[in-house]
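Q: sequence first, then the predicted structure, then my questions.
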Amino acid sequence: MKLTIIKSLGTILTKFIIIMLMLAQQAYAADKIALRVGYLPILDHLTLLVSHAKDNDSFQHINVKPKLFKSWREMAGALRADVIDAAFILSPLAMDLFNQGVNVKAILLAHRNGSAITVKTGSDITKAQDFQGKIIAIPDRKSTHTALLDQYLRQGNLSLQDVKTKVIAPPNMLKVMQLGRIDAFIVAEPFGAKAQAKNIGKILVLTKDIVKNHVECVVVVNSTLIHAHATAIQEWVNSLIQVGKWIDTDKLENGSKQVANLTAKKYFPHNQQTVTMGLQNPVNRISFSDLNPSIDDFKTILDISLQANIIQDVKLNDFIEQRFYTNHLGNSQD
């Protein structure tokens, strides 16, 4: 009888402990803000994905929820409608949304450089002058790529007015090129690398060789969340900066194999070979180590975007929130 009572008490105690642990976990989770973050299936957004894989479970103040989109327009619509709270997004598109009154600010760069102009296999295009009258796919009208394409064309005394641009979602560009409907595309990796590997296209020029060390995608967050949950946002930014350096180290020391293992087939449809190919061909085509959202670097992209006539002027001091990057520098042990 006593043994039965003891066993019953033990069972009750065990259940009580389990319930208390579950309640503690729920209370802990409730203390963390949920941040819904939009991204596209491109290598430009690796800091979001690697940070989520490596650090999200250990965050004290934030629970990041990545949301995959196929096109920039779709993501921009979600940002306008508050379906997402933050996004890894093209810098001109982000500035344009800000000008339209969308309640976001840029808090960090997603990366630097990283895209390429790819021409179809067998094309006679070898230089900027050869693009006269050609059809070129761009990921969005208000993209960094559009401004960079305009800059490249100007090397051959051309401009966007001398070519036909067609907006195509990045995942669809290879198929459209294969069907012969475009002569070239400019987009983030791994699509240029995939086109080359499948002998659909060949890379003509990397964007890092059009404008050196340029800003491309940036991290924007809802301004209300920034002010209400600065500690949580800082924790996330600290992680993004650290994993950015880790990604670049992995590129040099491990052939990007660890990055590919963490992200391939989990956050986007690309396999490990495609991820490594997009990061290693060449190894300096994209950089994640310097994510400083400096006004001078933004001004470079703003200026060429204005020259390409794809956006209106932006008050960069109002658009950029530098304190999270600055605070990380102040606390960094690097």
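A: Yep, that arrived. Residues are numbered from 1 along each chain as shown.
Q: which residue packs closest to residue 283, ignoring adjacent ones?
A: Excluding the flanking residues, the one nearest residue 283 by CB to CB, 6 or more residues apart in numbering is residue 251, at 5.4 Å. In short, each C-beta sits where N, CA and C put it, glycine included.
Q: need the strands for the stretch 1-150 of the chain, in chain order.
A: 33-39, 62-68, 86-90, 104-109, 112-113, 115-120, 135-138 (DSSP state E, counting those that start in this stretch).
Q: format those as TSV; extra columns: mean neighbour count, mean pLDDT and distance to residue 267.
A: Shown next, in TSV, are the strands of the stretch 1-150 of the chain (neighbours: other CB atoms under 10 Å; pLDDT from 0 to 100; distance: least, CB to CB, whole Å):
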stretch	mean neighbour count	mean pLDDT	distance to residue 267
strand 33-39	20	98	8
strand 62-68	18	98	7
strand 86-90	29	98	12
strand 104-109	24	98	19
strand 112-113	22	98	21
strand 115-120	26	98	19
strand 135-138	23	98	24
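Q: can I get those strands in a markdown table including distance to residue 167?
A: As requested, the strands of the stretch 1-150 of the chain are arranged in a markdown table below (distance: least, CB to CB, whole Å):
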| stretch | distance to residue 167 |
| --- | --- |
| strand 33-39 | 18 |
| strand 62-68 | 19 |
| strand 86-90 | 12 |
| strand 104-109 | 22 |
| strand 112-113 | 22 |
| strand 115-120 | 15 |
| strand 135-138 | 6 |
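Q: of those, which is nearest residue 152?
A: With distances scored as CB to CB, the stretch of the strands of the stretch 1-150 of the chain nearest to residue 152 is strand 115-120 (6.6 Å).
Q: quick check on the residue nearest to residue 283: phi, psi?
A: Main-chain torsions, residue 251, degrees, to the nearest 10: phi -60, psi -40.
Q: let's verify the residue nearest to residue 145 when sequence neighbours are not counted: helix, strand, or coil?
A: With CB to CB, 6+ apart as the criterion, residue 145 has its nearest non-adjacent residue at 4.4 Å, and that residue is residue 186. With DSSP: H, G, I helix; E, B strand; the rest coil as the basis, residue 186 sits in strand.
Q: tell me how many other residues surround residue 186.
A: Residue 186 has 27 neighbouring residues, counting by other CB atoms under 10 Å.
Q: just the strands in the stretch 151-300 of the chain please.
A: Going by DSSP E, counting those that start in this stretch, the stretch 151-300 of the chain shows strands at 164-167, 184-188, 201-206, 217-222, 286-287.
Q: just to revisit the earlier point, surely the residue nearest to residue 145 and residue 148 touch.
A: Yes. Residue 186 is in contact with residue 148 according to CB atoms under 8 Å; the separation is 6.9 Å.
Q: quick check: neighbours shared by these two?
A: 115, 207 (CB atoms under 8 Å, 6 or more residues apart in numbering).
Q: still on that earlier bit, show me what contacts the residue nearest to residue 145?
A: Residue 186 touches 115, 116, 117, 118, 136, 137, 138, 139, 145, 148, 149, 207, counting by CB under 8 Å, 6+ apart.
Q: just curious, which of those is nearest to residue 103?
A: Closest to residue 103, out of all of the contacts of residue 186 and judged by CB to CB, is residue 139, at 24.1 Å.
Q: out of the strands of the stretch 1-150 of the chain, flag the one nearest residue 315.
A: strand 104-109 (11.5 Å).
Q: now do the closest one: everything it contacts.
A: Counting by CB under 8 Å, 6+ apart, 79, 86-87, 91, 94, 97-98, 215, 217-223, 226, 233, 237, 240-241, 290-293, 297-298, 319-321, 324-325 sit against strand 104-109.
Q: and the residue nearest to residue 283, how many residues sit next to it?
A: 23.
Q: give me every residue that touches residue 132.
A: With CB under 8 Å, 6+ apart, residue 132 has these contacts: 158, 162, 163.
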